[in-house]
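Enquirer: Got a sequence here, can you model it:
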Amino acid sequence: MLERKQKLARLIEFGVEISQVADLDLLLEKILSEARFLMQADAGSIYIKEDDTLHFSYAQNASMQKRLEPGKKLIYTTFSMPISNKSIAGYVANNGAILNIPDAYRISSDRPFSFDGSYDKLSGYHTQSLLTLPMKNSRGEIIGVLQLINAQDDRGRIIPFQAQDEPIVRHLSIYAANAIERAQMTRTTIMRMISMAELRDPKETGPHVNRVASYAVEIFEAYAKKQKMDKEEIDKQRDTLRLAAMLHDVGKVGISDLILKKPGRFTEQEFAIMKQHTLIGARLFKDARSNFDDFSAQVALNHHERWDGKGYPGHVDIFSGRPLAGYETEEGQARGKREEEIPLFGRIVAIADVYDALSSRRVYKEAWDQDKVLQTIREERGKQFEPQLVDIFFEIQDVIQSIAKRYPDEE
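Expert: Sure thing, here's the model as predicted:
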């Protein structure tokens, strides 16, 4: 087991690390991984507080993960619960107190809360020791709840969480709460930009951009692992990709309502104007000061390029729209980018965006049947989409489907 000095040193490093993470989902993953490492917990979960509700937002379970095939991810269902004293997490959020429970199935009947063992029954997992604590920011406000499950000794035996370690995980929860709050502010800013686009184009909804971004991140992670990319670099790029992918169509704010909200097919002239959203989006990030600006410009500009070179806008100057020297066609148009001329993030978001568009209901169409959507993606392998990325997309279908359920369209 880690010595106390080692835990304190690691805690300081962790505080620095998470201050550099902008994306909320990646942040929750890092927080839970670190808390489990420090407390030698087999599993855990994070609940985020919104008004009087706790949202089950992230989970890990080492024992359940071992049952899966190599490379597969643990799929979990998100849900919400009211903040009340009836549940363990609700009690912690309501009272701001730590609960250290040696045996979840032997909670005294005089306590107001009880353990819900329904997940254990469904999964075959056995929850025993629980450490549940509030995540409070620097102002003392509760941002969420961190729950660790089944502390283990060096032989892997389940033991109670040690009371002397509670101050360490309490400090971690403070770092976590402040980092989550910063990430929420970043995501709120992004969603406000998307809301502006949604006012112009009803297709650009919060659920749509969250799904596209999540699909893109999962495709990238699976691709990067196949490329033997370093985990630290994968995390860094995942962090930026999610935010950039959410803004893939932000350039539509510069397109006329007469075109954006037209229910039928575009004329050739209207479609030419519509294509300009890629250039407008790239211009929004022209004065790049970070990887976020660079990647957002790349995604906005390139997510309609095609692997076979028949996409748009092609090799153009983003300000004038004119073809770059040496890239004109015989007709004087810009040649489309093809294959690896298209930046990786543009190639990835292309698949994610098309998949979600076909799978979703729009004012001008119903959602396609899932088999038809997947068949279309298969048929476009090597045409619209990079073959390797299509193969990866199908390899992670279980994760793709779970994302679709996590971000349903609003009725």
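
Enquirer: Domains in the chain, by residue range?
Expert: Per automatic domain parsing, the structural domains of the chain span 4-182, 201-406.

Enquirer: Same list (those domains) but as TSV, adding distance to residue 192, mean neighbour count and mean pLDDT.
Expert: Bear in mind the C-beta positions are built from the backbone N, C-alpha and C, glycine included. Below are the domains of the chain laid out as TSV (distance: least, C-beta to C-beta, whole Å; neighbours: other C-beta atoms under 10 Å; pLDDT from 0 to 100):
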stretch	distance to residue 192	mean neighbour count	mean pLDDT
domain 4-182	15	17	93
domain 201-406	11	17	91
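
Enquirer: Show the contacting residues for the nearest residue to residue 114 once chain neighbours are set aside.
Expert: Nearest non-adjacent residue to residue 114, counting by C-beta to C-beta, 6 or more residues apart in numbering: residue 107, 6.0 Å away. Taking C-beta atoms under 8 Å, 6 or more residues apart in numbering as the criterion, residue 107 is in contact with 101, 113-115.

Enquirer: Residue 221 too?
Expert: With contacts defined as C-beta under 8 Å, 6+ apart, residue 221 is in contact with 234, 238.

Enquirer: does the closest residue to residue 339 other than its chain neighbours sit in a helix, a strand or a coil?
Expert: Using C-beta to C-beta, 6+ apart and skipping the chain neighbours, the partner closest in space to residue 339 is residue 307 (5.9 Å). Under DSSP: H, G, I helix; E, B strand; the rest coil, residue 307 falls in the coil class.

Enquirer: can you offset everything so residue one is 57?
Expert: Yes, from this point I'll number from 57; that puts the last item at residue 363.

Enquirer: Let me know the distance separating residue 363 from residue 241.
Expert: According to C-beta to C-beta, to the nearest Å, residue 363 and residue 241 sit 37 Å apart.

Enquirer: distance of the residue nearest to residue 395 from residue 97?
Expert: 44 Å.

Enquirer: picking that back up, any chance of CSV for the domains of the chain, columns distance to residue 247?
Expert: Supplementary listing: these in CSV, determined by distance: least, C-beta to C-beta, whole Å:
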stretch, distance to residue 247
domain 60-238, 11
domain 257-462, 6
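
Enquirer: What strand or helix carries the residue of the chain most remote from its centre?
Expert: Note on the chain: the largest C-alpha distance from the chain mean falls to residue 386, namely 42.9 Å (C-alpha atoms, centre = their mean). No secondary structure element spans residue 386, as it lies outside all helices and strands (assigned by DSSP states H and E).

Enquirer: thinking again about what came up before, which of the contacts of residue 163 fall in strands?
Expert: Those of the contacts of residue 163 mapping onto strands are residue 157, per DSSP state E.

Enquirer: Closest one to residue 415 out of the contacts of residue 163, please.
Expert: For the contacts of residue 163, the minimum distance to residue 415 (C-beta to C-beta) is 37.3 Å, reached by residue 171.

Enquirer: Roughly how far does the residue nearest to that closest one when sequence neighbours are not counted sit from residue 179?
Expert: Nearest-residue entry for residue 171: residue 160, 4.1 Å, with adjacent residues in sequence omitted and distances by C-beta to C-beta, 6+ apart. The gap separating residue 160 from residue 179 is 14 Å, by C-beta to C-beta.

Enquirer: do you know how far the residue farthest from the centre of the chain is from residue 301?
Expert: Relative to residue 301, and taking C-beta to C-beta, residue 386 is found at 35 Å.

Enquirer: And for residue 244?
Expert: Between residue 244 and residue 301 the distance, using C-beta to C-beta, works out to 17 Å.

Enquirer: for residue 197, same thing?
Expert: From residue 197 over to residue 301 the distance is 30 Å, taken as C-beta to C-beta.

Enquirer: Ok, residue 172 next?
Expert: Counting by C-beta to C-beta, the gap between residue 172 and residue 301 amounts to 35 Å.

Enquirer: Same check on residue 141?
Expert: As it turns out, when the distance is counted by C-beta to C-beta, residue 141 lies 40 Å from residue 301.

Enquirer: pretty sure residue 446 contacts residue 434?
Expert: Yes - Residue 446 is in contact with residue 434 according to C-beta atoms under 8 Å; the separation is 7.1 Å.

Enquirer: Alpha carbons only: can I get stretch 384-391 in CSV?
Expert: Extracted as CSV, the C-alpha positions of stretch 384-391 are listed here (Å, rounded to 0.1, in the frame of the first residue of the first chain):
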residue,chain,number,x,y,z
GLU,A,384,-7.2,24.8,-59.1
THR,A,385,-9.3,22.4,-61.2
GLU,A,386,-9.7,22.9,-65.0
GLU,A,387,-13.0,24.7,-64.1
GLY,A,388,-11.1,27.1,-61.9
GLN,A,389,-12.5,25.6,-58.7
ALA,A,390,-10.5,24.5,-55.6
ARG,A,391,-9.5,20.8,-55.7
